[in-house]
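Colleague: Below is the sequence, then the predicted model.
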Amino acid sequence: MKAVIQVVNQAQVKINGSSVGRINRGLLVFVAIHKNDTEASISKMAKKLSELKFFDNSEGKLKKTIRDVKGSILLISQFTLYADCHKGTTPNFSEAAPPEKGKTYYEKLIRALEDKNLDVETGRFGEFMEIDSQNSGPVTIIIYT
């Protein structure tokens with residue numbers, strides 16, 4: 001599993017012009033499921049997102065978690081994070097999980113984050129989405145599990 005995490009002041013996801021998820025201060029998380037991911041990958045990612053210190057303290061150091069700042073997560077499924085562009089000019093997505101597994105694991109990650117009492121908003125798996133965000137910092141971190 002791979003995630004690109006951005007600290008945001010606000011973010012929202014729209015489908016067909018309608019907002020389906022919106023957060024204020026928090027994390028905009030683009031997540032991709034790998035074809036070889038296991039249930040353990042879900043637990044590891046949920047733990048990382050809930051416990052990593054993405055936010056500044058009063059000294060400007062990354063020392064606060066999503067819970068510390070009472071922030072939210074906007075979780076967006078994005079299989080294209082597993083694009084392989086080494087050959088030619090057309091990305092290869094053979095490392096991404098097939099859609100059925102991707103959707104199942106995405107939904108399990110949502111539940112795992114909610115089970116950690118985090119406020120989670122989402123996009124919709126497999127849909128064309130427009131994401132608007134206001135990055136903060138900017139802080140952008142990539143995590144693999």
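Modeller: It's in.

Colleague: so what's residue 33 up against?
Modeller: For residue 33, the contacting residues are 1, 41, 77, 79, 96, 97, 101, 102, 105, 106, by Cβ atoms under 8 Å, 6 or more residues apart in numbering. Every residue, glycine included, has its C-beta placed from N, CA and C.

Colleague: Name only those of the residues you listed that count as buried.
Modeller: Buried by 16 or more other Cβ atoms under 10 Å: 1, 41, 77, 79, 96, 97, 102, 105, 106, out of those.

Colleague: Now distance to residue 121 and pLDDT too, for the contacts of residue 33, in TSV please.
Modeller: As requested, these are exported to TSV (distance: Cβ to Cβ, whole Å; pLDDT from 0 to 100):
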residue	distance to residue 121	pLDDT
1	19	98
41	22	97
77	13	97
79	20	96
96	23	97
97	22	97
101	23	98
102	19	97
105	18	98
106	14	98
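
Colleague: so which of these comes closest to residue 49?
Modeller: Lowest distance from residue 49 to those (Cβ to Cβ) belongs to residue 1, with 10.8 Å.

Colleague: Show me the strands in this protein, by range?
Modeller: In the chain, the segments counted as strands under DSSP state E are 2-15, 18-23, 26-32, 55-56, 62-64, 72-77, 119-122, 130-144.

Colleague: Next, format these as a markdown table and append distance to residue 49.
Modeller: Listed next are the strands of the chain as a markdown table, based on distance: least, Cβ to Cβ, whole Å:
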| stretch | distance to residue 49 |
| --- | --- |
| strand 2-15 | 7 |
| strand 18-23 | 13 |
| strand 26-32 | 7 |
| strand 55-56 | 13 |
| strand 62-64 | 14 |
| strand 72-77 | 7 |
| strand 119-122 | 10 |
| strand 130-144 | 8 |
